[in-house]
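K.L.:
Structure here, sequence nowhere to be found:
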């Protein structure tokens with residue numbers, strides 16, 4: 001087990017900081033400071049000067065506080081994390097030719113699980129994995145990355161880790177031919193494209209590395225450059241919020257969304273502020289908080305340019321809030337308004353939310369219809385959305401399949417629901433999306449009474465093969 005750095009914790013207290021206040025000043029998550037004090041990691045070199053100043057010691061003294069070597073962990077501790085339901089350099093893209101073109105054959109899914117695993121990256125040296133509890137329930141647990149690698153049960157997860165476990169991630173390299181702001185925006189666009197295919201598992205560490213670099217650049221910048229870097233920092237924070245939301249870690253998603261909102265306001269970017277507020281409404285919907293979803297969406301709409309895609313976004317997420325509240329009329333009206341805005345003329349030059357198309361709106365409507373108990377209409381909506389999805393939106397296809405499977409259980413029975421769920425699981429294994437696993441874990445509990453049905457048994461065996469098991 002890693003040796004706790006008790007002198008570091010005491011020095012922090014003597015300097016008048018809690019773990020949360022120290023993390024906030026440093027621009028990291030509280031869990032990062034917790035890991036330092038547990039002996040599970042160290043700060044990046046460029047952060048040490050500021051940390052030493054905050055602790056009121058020299059950098060040499062700081063080095064001595066981190067000098068205690070880590071010891072191998074003898075026991076794996078599982079920390080319960082919120083269940084999902086709900087945007088290091090990325091690992092090379094796997095060969096996706098032929099992926100998701102049909103139903104996986106027997107044994108194929110188990111092979112993919114052994115190759116790719118089903119963990120979802122969290123902050124720093126932790127990963128989030130599915131676990132089958134002793135009473136049969138499926139939950140998500142947070143585990144140290146090193147412990148996961150040592151665990152024979154989680155051998156499949158070893159393939160997920162990039163580089164040497166616990167080693168500091170490589171600092172992203174900026175091109176000397178581009179201004180850092182444009183360079184970082186290009187890097188972010190590349191990460192977004194990777195996320196669309198691979199999901200959040202291998203992307204979040206890189207996004208956070210870029211955030212640290214932006215913070216370092218801001219300290220050396222002035223005037224317009226510093227303001228532009230603040231805007232890019234807000235964009236990256238919003239992206240981190242999305243990655244954690246898709247991983248099923250809603251608390252971390254809220255943290256990064258709040259930071260993104262603060263930074264976008266500081267940058268004076270009203271369109272970005274509206275976009276982030278709408279995304280916070282989406283997150284509230286994933287957390288099944290209908291009033292927050294509606295109120296945040298209405299706030300985003302008030303500060304958005306009229307008839308823009310931002311207003312359409314706000315209406316979509318307000319619609320799902322109304323569905324969660326059981327108000328079908330308000331739900332359908334909001335979706336119809338969003339469709340009208342998406343189909344209408346684009347007179348307002350707003351770059352945010354350009355991905356919002358009619359297909360996305362109808363897929364969200366299908367989700368809300370399932371919440372309202374209109375399962376047949378939901379299945380039709382998901383089928384249409386899946387057929388219209390671009391091939392690069394692999395993870396979204398998995399989410400829609402998983403949600404459709406739950407609706408199919410009520411319409412066509414357990415056999416087809418299990419077949420669709422198995423296809424969704426194939427995508428979930430490859431992307432590590434907590435939204436997919438959250439939907440499938442909910443479906444798994446509903447399918448228990450049909451355990452002898454061959455399709456159901458095959459799905460549940462495949463799901464078990466990519467999870468840890470409580471012992």
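P.N.:
Looks like it arrived, so ask away. Values in this document were obtained by computation on a predicted structure and should not be read as measured data.

K.L.:
Show me which parts of the longest helix along the chain are buried, residue by residue.
P.N.:
Looking across the chain with DSSP state H, the single longest helix is helix 223-247. Neighbour-count burial for helix 223-247, counted by 16 or more other C-beta atoms under 10 Å, picks out 227-247. (Glycine included, C-beta is placed from N, CA and C.)

K.L.:
Can you give me the distance of residue 228 to residue 21?
P.N.:
28 Å (C-beta to C-beta, to the nearest Å).

K.L.:
Residue 290 too?
P.N.:
From residue 290 to residue 21 the distance is 33 Å (C-beta to C-beta).

K.L.:
The two - which one has more neighbours?
P.N.:
residue 290 (20 against 15; other C-beta atoms under 10 Å).

K.L.:
Confirm that residue 342 lies within a helix, as I assumed.
P.N.:
Yes. Assignment of residue 342 by DSSP: H, G, I helix; E, B strand; the rest coil places it within a helix.

K.L.:
so it makes contact with residue 356?
P.N.:
Yes. Residue 342 lies in contact with residue 356 (C-beta atoms under 8 Å); the separation is 6.2 Å.

K.L.:
For those two, list the residues in contact with both.
P.N.:
309, 312 (C-beta atoms under 8 Å, 6 or more residues apart in numbering).

K.L.:
next SSE after the one helix or strand residue 260 maps to?
P.N.:
Using DSSP states H and E, residue 260 sits in helix 250-267. Moving toward the C-terminus from helix 250-267, the next helix or strand (DSSP H and E) is helix 270-286.

K.L.:
okay, the angle between that next one and helix 250-267?
P.N.:
Relative orientation of helix 270-286 versus helix 250-267 (axes from the mean of the first three to the mean of the last three C-alpha atoms, to 10 degrees): 160 degrees.

K.L.:
other SSEs contacting helix 270-286?
P.N.:
helix 223-247, helix 250-267, helix 290-302, helix 309-324 (3 or more C-beta pairs under 8 Å, 6 or more residues apart in numbering; DSSP states H and E).

K.L.:
Which one of those helices lies nearest to residue 33?
P.N.:
helix 250-267 (13.5 Å; C-beta to C-beta).

K.L.:
So for the closest one, what gets flagged as buried?
P.N.:
Buried residues in helix 250-267 (16+ other C-beta under 10 Å): 250, 252-257, 259-261, 263-264, 267.

K.L.:
For this protein, which helix or strand comes out least confident on mean pLDDT?
P.N.:
Every helix and strand in the chain was compared by mean pLDDT, DSSP states H and E; the lowest is strand 79-80, with a mean of 36.

K.L.:
now for the longest helix of the chain, which elements pack on it?
P.N.:
Taking 3+ C-beta pairs under 8 Å, 6+ apart as the contact cut, helix 223-247 packs with helix 180-198, helix 204-220, helix 250-267, helix 270-286, helix 434-446.

K.L.:
run the last query once more with 10 Å
P.N.:
Packing contacts for helix 223-247, counted by 3 or more C-beta pairs under 10 Å, 6 or more residues apart in numbering; DSSP states H and E, involve strand 120-121, strand 126-132, helix 180-198, helix 204-220, helix 250-267, helix 270-286, helix 394-411, helix 434-446.

K.L.:
Pass me the low-pLDDT residue ranges in the stretch 51-200 of the chain, would you?
P.N.:
68-177 (pLDDT under 70).

K.L.:
mind redoing it with 50?
P.N.:
Low-confidence regions of the stretch 51-200 of the chain, defined by pLDDT under 50, span residues 69-124, 145-172.

K.L.:
May I have the phi/psi pair for residue 203?
P.N.:
Per-residue torsions, residue 203: phi -110, psi -30 (degrees, to the nearest 10).

K.L.:
Tell me how far the closest residue to residue 266 other than its chain neighbours lies from residue 298.
P.N.:
Distance criterion C-beta to C-beta, 6 or more residues apart in numbering; nearest residue to residue 266, sequence neighbours excluded, is residue 230 at 5.6 Å. Going from residue 230 to residue 298 by C-beta to C-beta gives 27 Å.

K.L.:
Wait, residue 190 touches residue 197, no?
P.N.:
No. With contacts counted by C-beta atoms under 10 Å, residue 190 stays clear of residue 197, the gap being 11.5 Å.

K.L.:
Looking at the two, which is more packed in?
P.N.:
Between residue 190 and residue 197, residue 197 has the larger neighbour count (other C-beta under 10 Å), namely 18 against 14.

K.L.:
So that one sits against residue 392, correct?
P.N.:
Yes. Using C-beta under 10 Å, residue 197 is in contact with residue 392, at 6.1 Å.

K.L.:
Can you give me the neighbour number for residue 203?
P.N.:
The burial count for residue 203: 29, using other C-beta under 10 Å.

K.L.:
distance of it from residue 230?
P.N.:
Counting by C-beta to C-beta, the gap from residue 203 to residue 230 is 22 Å.

K.L.:
still on that earlier bit, in a markdown table, list the buried residues of helix 250-267 along with distance to residue 53 and pLDDT.
P.N.:
A markdown table is the format used below for the buried residues of helix 250-267 (distance: C-beta to C-beta, whole Å; pLDDT from 0 to 100):
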| residue | distance to residue 53 | pLDDT |
| --- | --- | --- |
| 250 | 34 | 92 |
| 252 | 27 | 92 |
| 253 | 31 | 94 |
| 254 | 29 | 95 |
| 255 | 24 | 95 |
| 256 | 25 | 95 |
| 257 | 29 | 96 |
| 259 | 22 | 95 |
| 260 | 26 | 96 |
| 261 | 28 | 96 |
| 263 | 22 | 96 |
| 264 | 28 | 96 |
| 267 | 26 | 94 |
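
K.L.:
As a markdown table, the residues you listed with distance to residue 351 would be great.
P.N.:
A markdown table is the format used below for the buried residues of helix 250-267 (distance: C-beta to C-beta, whole Å):
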| residue | distance to residue 351 |
| --- | --- |
| 250 | 27 |
| 252 | 27 |
| 253 | 23 |
| 254 | 25 |
| 255 | 26 |
| 256 | 21 |
| 257 | 19 |
| 259 | 21 |
| 260 | 16 |
| 261 | 18 |
| 263 | 18 |
| 264 | 14 |
| 267 | 15 |
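
K.L.:
which two in these are spaced the farthest apart?
P.N.:
250 and 267, at 25.4 Å, using C-beta to C-beta across the buried residues of helix 250-267.

K.L.:
follow-up on the earlier one: quick one: the longest helix of the chain to helix 434-446, angle?
P.N.:
Per the same axes, to 10 degrees, the angle that helix 223-247 makes with helix 434-446 is 20 degrees.

K.L.:
Next, the angle from helix 223-247 to helix 394-411.
P.N.:
Using the same axes, to 10 degrees: helix 223-247 against helix 394-411 is 30 degrees.

K.L.:
Need the nearest residue in space to residue 269, chain neighbours excluded.
P.N.:
Closest to residue 269 by C-beta to C-beta, 6+ apart is residue 231, at 5.3 Å.

K.L.:
what sits against that neighbour?
P.N.:
Residues in contact with residue 231 (C-beta atoms under 10 Å, 6 or more residues apart in numbering) are 181, 185, 263-264, 266-269, 272.

K.L.:
Do you know the pLDDT at it?
P.N.:
Looking at residue 231, its pLDDT stands at 95.

K.L.:
Equivalent analysis for residue 44, please.
P.N.:
So, for residue 44, pLDDT stands at 71.
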